[in-house]
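Peer 1: Requesting a structural model of the entry that follows:
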Amino acid sequence: MDRAGGRIRDSHHNAGHDRGQSVPGAPPGEEYPVPEAGGVTGQNPAVYEGEYAYWPWARVVDAAIGWITANAPHEATIVDYMCGTGYLLHELRAARPDLRCSGCDLDPAFIAYGRDHYPDVALTTGTALEYEPSGPADVIVCTGGLHHLPRGSRARFLAKCGDELAPAGAVLVGEEVITEYDDTASRRSAVLQLYSAILSYVIGAGAPPQVLSSAVTAMGKEIIEDGTSKDSLAGLIHLLEGSLAIETFDCTWPDRSCQFGDYLAVCRRRGDGLPAQGVR
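Peer 2: The predicted structure is shown next:
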């Protein structure tokens, strides 16, 4: 999905206009809902959703929606871990009304926003490691959530996802990665490299001040590892392969040669006997 079109950009340009306020610097007619109280993250859920229209990350979310829409069985059960506002699940339901969608997120403000805006999906406040789906899931999705877990908990979370899958089910993991690093200083330089590219993209997309500010804040938190700590590409692959079998692993931005950027992995439970298509 490019920033000029596609499912995510169009949907967010129409969201919240019935009770919105103008955003300084936004294109004519573009609005966000009145800010709601921040929860655990302190981030405005409406600004969080608005980022999808301007960040390259939207391509990962769009790719996950497209894969699930095309591949999920009829009346499949979909579970979204660290689901934010539930936007991805809502888009899935719009494309496939037969899907049974549920999600959890630690931030009560995000869940409250999602329940208000997306009554077609079941959203729960809770942690990814403690949430228990009502039954086996045909698809588990986690986009942009893994790097918010403590490093020591990530393998346990992925193993939990594998245990919760129905036979032949899939786990979709979307993550931003940084280039390889050796120490704290080189890691911070790798983060700066990633976010320099993100900020260039966001500025080029004409993002309003709230979205620009959010991007800068995210960069600062990542540099000092305040609630977020991204892996390198090799580190992410190693982590996934420790608990799951990678079927496909695709770069959505900027391109595979960069060694940083956004990736979507489609994984299966080990032992399902499905052929792996590899990393590309």
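
Peer 1: tell me which element Thr124 falls in.
Peer 2: Assigned by DSSP states H and E, Thr124 belongs to strand 122-125.

Peer 1: buried set for that strand?
Peer 2: Using 16 or more other CB atoms under 10 Å as the test for burial, strand 122-125 gives 122-123, 125. Every C-beta, even on glycine, is put in place using the N, C-alpha and C of the backbone.

Peer 1: Beyond the longest helix seen in the chain, next helix or strand please.
Peer 2: Secondary structure of the chain per DSSP state H: the longest helix is helix 184-204. Moving toward the C-terminus from helix 184-204, the next helix or strand (DSSP H and E) is helix 209-224.

Peer 1: Pull the distance from the helix or strand following that following helix to the chain's centre.
Peer 2: Next in sequence after helix 209-224, counting helices and strands by DSSP H and E, comes helix 233-241. Relative to its chain's centre, helix 233-241 lies at 17 Å (CA atoms, centre = their mean, to the nearest Å).

Peer 1: Please save the CA atoms from helix 233-241 in PDB.
Peer 2: Extracted C-alpha coordinates of helix 233-241, given in PDB (Å, rounded to 0.1, in the frame of the first residue of the first chain):
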ATOM      1  CA  LEU A 233      16.800  -8.800  11.400                       C
ATOM      2  CA  ALA A 234      18.900 -11.800  12.300                       C
ATOM      3  CA  GLY A 235      17.700 -11.500  15.900                       C
ATOM      4  CA  LEU A 236      14.100 -11.500  14.900                       C
ATOM      5  CA  ILE A 237      14.500 -14.500  12.700                       C
ATOM      6  CA  HIS A 238      16.300 -16.400  15.400                       C
ATOM      7  CA  LEU A 239      13.600 -15.600  17.900                       C
ATOM      8  CA  LEU A 240      10.800 -16.700  15.700                       C
ATOM      9  CA  GLU A 241      12.600 -19.900  14.700                       C
END
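
Peer 1: contacts for that helix?
Peer 2: For helix 233-241, contacts defined as CB atoms under 8 Å, 6 or more residues apart in numbering pick out 146, 154-155, 158, 173, 175, 177, 179-180, 231, 246, 249, 259-260, 263, 265, 267, 279.

Peer 1: List the buried residues in that helix.
Peer 2: So for helix 233-241, counting by 16+ other CB under 10 Å, buried means 233, 236-237, 239-240.

Peer 1: next one: stretch 42-59
Peer 2: So for stretch 42-59, counting by 16+ other CB under 10 Å, buried means 43-59.

Peer 1: one step back: any residues touching the strand holding Thr124, and which ones?
Peer 2: Contact with strand 122-125 is made by 83, 86, 89, 101-108, 111, 114-115, 131, as judged by CB under 8 Å, 6+ apart.

Peer 1: The buried residues of stretch 42-59 in helices, which ones?
Peer 2: Short answer: those in helices (DSSP H) are 45-50, 58-59.

Peer 1: Near the residue lying closest to Ile203 once chain neighbours are set aside, how many other residues are there?
Peer 2: The shortest distance from Ile203 to any non-neighbouring residue, by CB to CB, 6 or more residues apart in numbering, is to Leu212 (7.1 Å). Applying other CB atoms under 10 Å, we find 15 residues neighbouring Leu212.
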